[in-house]
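Peer 1: 3D, please:
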Amino acid sequence: MSRKRRGLKRHSDAQQKQYEREARLQYGPAEVNETIGRWNSYSEAEQEAIKAEGDQIYIDFAEAMGAGLDARDQSLRAILERWQAHLRHFYEPSLDRLRGLGQLYNSHPDFSANFASIHPDLPAYLERVIDDYVDELETAELERMLAEDEALERRRRKLSS
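Peer 2: Residues are numbered from 1 along each chain as shown. A predicted model of the protein is given here:
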């Protein structure tokens, strides 16, 4: 367990620059520059607190995995919500971006190795529970949109009668 308390391995400056180049290709320079600007707007103390918060979230994920929790469990759901809120320190995460991060955590060798340093099965677990979480969020959004459409249709019918 002492390994978990160290948190995630920090990337070297060279690695960070490479990840930024990859992100610019995938998401465009404006989004990446906004994220970098947001990060640089935090004080050193704020950056350290954000890093510690992120480390704790991933440790909590590993503990949830050890307890056998799945995405429908309220305790794990709370961790997933904290994770999503934590990402807002960097950017507003769309549902597609959330799902993509889950996949990246398990497929990108550097990220996978970093999460595996907390627990060997954590990368696959993160991908699975994040995917399930995003499915639930998408379903809720579709249900909300359908309910709005139904309410609009009822108003139209009422106005036309």
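Peer 1: list the helices and strands whichever helix or strand Ala147 is part of packs on?
Peer 2: Of the helices and strands defined by DSSP states H and E, Ala147 is found in helix 122-160. Helix 122-160 sits against helix 44-66, helix 74-87, helix 95-107, helix 109-116, with contacts defined as 3 or more C-beta pairs under 8 Å, 6 or more residues apart in numbering; DSSP states H and E. For every residue, glycine as well, the C-beta is placed using N, CA and C.
Peer 1: tell me where this structure is predicted with low confidence.
Peer 2: Across the chain, the stretches falling below the confidence threshold (pLDDT under 70) are 1-7.
Peer 1: OK, contacts around the closest residue to Leu98 other than its chain neighbours?
Peer 2: Nearest residue to Leu98, sequence neighbours excluded (C-beta to C-beta, 6 or more residues apart in numbering): Val134, at 5.1 Å. When contacts are counted by C-beta atoms under 8 Å, 6 or more residues apart in numbering, Val134 touches 95, 98-99, 102.
Peer 1: how much does the helix holding Ala147 deviate in direction from helix 74-87?
Peer 2: Counting by axes from the mean of the first three to the mean of the last three C-alpha atoms, to 10 degrees, helix 122-160 lies at 90 degrees to helix 74-87.
Peer 1: how near is Glu81 to Val32?
Peer 2: Per C-beta to C-beta, to the nearest Å, Glu81 is found 25 Å from Val32.
Peer 1: who touches Ala71 in this structure?
Peer 2: For Ala71, the contacting residues are 77, 80, 128-130, 132-133, 136, by C-beta under 8 Å, 6+ apart.
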